[in-house]
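Enquirer: this is a predicted model, with the sequence first.
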Amino acid sequence: MIKYIDQEEKELIESLYSEEWKPNPDKTVNKVYEEYARKSIEFDKILEIALSQRDYEKIKVKAIEEGIPYQAFVSMLIHNYNEGKIVLTI
């Protein structure tokens, strides 16, 4: 079973599998988008945090359930919070 982050991601993945996407023959445009993609995945800051053993283990389990490394999972949580997709309730 595939887990999606949100409806937009689900639609994007389904469009990829339905072969709606066609390659762009313009190599200069491809180079621009390749550079955008490269910069979007570059990480230039490292964040060190202290967690309880219990929280650490739970994060690792959740990451395994999602099928991604736990560092990527934590990064995704922070990104989604910053984008307003996750709201804290205290």
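Expert: Alright, I've got the coordinates. Numbers count the residues shown, from 1 in each chain.
Enquirer: surely F73 meets E66?
Expert: Yes: with contact defined as Cβ atoms under 8 Å, F73 reaches E66; the gap is 6.1 Å. Bear in mind the C-beta positions are built from the backbone N, C-alpha and C, glycine included.
Enquirer: ok, these two, which is more surrounded?
Expert: In this view F73 and E66 are compared by other Cβ atoms under 10 Å, and F73 has more residues nearby, 18 against 14.
Enquirer: for that one, which non-adjacent residue is closest in space?
Expert: A63 (3.7 Å; Cβ to Cβ, 6 or more residues apart in numbering).
Enquirer: tally of neighbours for the one you found?
Expert: Considering only other Cβ under 10 Å, A63 is surrounded by 18 other residues.
Enquirer: residues contacting it?
Expert: Each residue near A63 by Cβ atoms under 8 Å, 6 or more residues apart in numbering is listed here: 69-70, 72-74.
Enquirer: three-state assignment of it?
Expert: Recorded secondary structure, A63: helix (DSSP: H, G, I helix; E, B strand; the rest coil).
Enquirer: relative to I46, which of the contacts of A63 is nearest.
Expert: Of all the contacts of A63, V74 has the smallest distance to I46: 12.0 Å, by Cβ to Cβ.
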